[in-house]
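Colleague: heads up, no residue letters with this:
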């Protein structure tokens, strides 16, 4: 693909042809179809604005996925501001776990959950965006590591590390979901999260339930402001104490 092609009248058609792949990718990075549509639309708008900067050093699909990836990462960071530090070193903790020679999983159980669409989706959502992106692009979309490194704007060894860690996190998430998984999966819905927030604020949630709530707040665009509001109101009420 050349710069001239992007400057030509067919640019909209070229971008439109990439839309299905972008939407499929976006749906793995955000919680629902509406957010995914918005993310893809913003990606295409940015691409049109920056058409002149495309030099054909990578494919058009790779360039567009990089724009979408950066937008998703930025949005994830913004949602965390003023709420809590939800990164929590997940990748590091899982890597420590896998370093333990006594650690293992029930492979049959992992395979069964991986073949269940909702369980796999929920487990993927526990992965931070950068690791989720690497796993999805490589293992689900068949992209090369060089392409993934380009999308994420990192060196090849770093991209390989993200894939390795992402795979380990995914297996561990499928092997040991939080307590109370039930038939509905193990990622909380908004109401399930919101009705746990008071106990969370009072430090009365079990560790597994806290983890589920934190994972929800990582990904949800609407619950973090509600949580922040509850924190602020509780602090204001406490300030009125004699």
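Modeller: Looks like it came in fine. Since the structure is predicted, the reported quantities are computational estimates derived from the model, not experimental observations. Numbers count the residues shown, from 1 in each chain.

Colleague: any weak-confidence spans in this protein?
Modeller: 1-12, 79-88, 177-187 (pLDDT under 70).

Colleague: list the contacts of the most centrally placed residue in the chain.
Modeller: Using CA atoms, centre = their mean, the residue of the chain that lies closest to the mean C-alpha position is residue 129, 3.3 Å off. Listed by CB atoms under 8 Å, 6 or more residues apart in numbering, the contact set of residue 129 reads 29, 72, 73, 76. (Glycine included, C-beta is placed from N, CA and C.)

Colleague: okay, now the residue lying closest to it once chain neighbours are set aside: neighbour count?
Modeller: The shortest distance from residue 129 to any non-neighbouring residue, by CB to CB, 6 or more residues apart in numbering, is to residue 76 (5.1 Å). By other CB atoms under 10 Å, the residues close to residue 76 number 19.

Colleague: so the protein: which segments form each domain?
Modeller: 3-80, 88-185, 188-242 (automatic domain parsing).

Colleague: circling back: hang on, the residue nearest to residue 129 packs against residue 220?
Modeller: No. Using CB atoms under 8 Å, residue 76 makes no contact with residue 220, being 10.8 Å away.

Colleague: could I get the buried residue list for the one helix or strand residue 217 maps to?
Modeller: Element membership for residue 217, per DSSP states H and E: helix 207-219. Buried residues in helix 207-219, defined by neighbour count with 16 or more other CB atoms under 10 Å: 209, 210, 211, 212, 213, 214, 215, 216, 217, 218, 219.

Colleague: how far does that helix sit from the chain's center?
Modeller: Relative to its chain's centre, helix 207-219 lies at 14 Å (CA atoms, centre = their mean, to the nearest Å).

Colleague: what's the answer for stretch 135-153, then?
Modeller: 15 Å.

Colleague: and if you look at stretch 25-37?
Modeller: The answer for stretch 25-37 is 10 Å, by CA atoms, centre = their mean.

Colleague: what sits up against that stretch?
Modeller: With CB under 8 Å, 6+ apart, stretch 25-37 has contacts from 23, 39-40, 43, 65, 68-69, 72, 75, 124-125, 129, 132-133, 136-137, 140-141, 219-221.

Colleague: now do the SS call for residue 127.
Modeller: Three-state assignment for residue 127 (DSSP: H, G, I helix; E, B strand; the rest coil): coil.

Colleague: that one: what's it in contact with?
Modeller: 90, 135, 166, 169, 170, 173 are the contacts of residue 127 under CB under 8 Å, 6+ apart.

Colleague: the fourth one contacts residue 92, correct?
Modeller: No. Here residue 169 does not reach residue 92: they are 10.5 Å apart, not a contact under CB under 8 Å.

Colleague: higher neighbour count, these two?
Modeller: Neighbours per residue, other CB under 10 Å: of residue 169 and residue 92, the larger number sits with residue 169, 25 against 11.

Colleague: host element of that one?
Modeller: Using DSSP H and E, residue 169 sits in helix 156-175.

Colleague: other SSEs contacting the following helix or strand past that helix?
Modeller: For helix 156-175, the following helix or strand on the C-terminal side (DSSP H and E) is helix 190-194. Packing partners of helix 190-194 (3 or more CB pairs under 8 Å, 6 or more residues apart in numbering; DSSP states H and E): helix 207-219, helix 223-239.

Colleague: circling back: closest to residue 59 out of the buried residues of helix 207-219?
Modeller: Using CB to CB, residue 219 is the member of the buried residues of helix 207-219 that lies nearest residue 59, at 28.7 Å.
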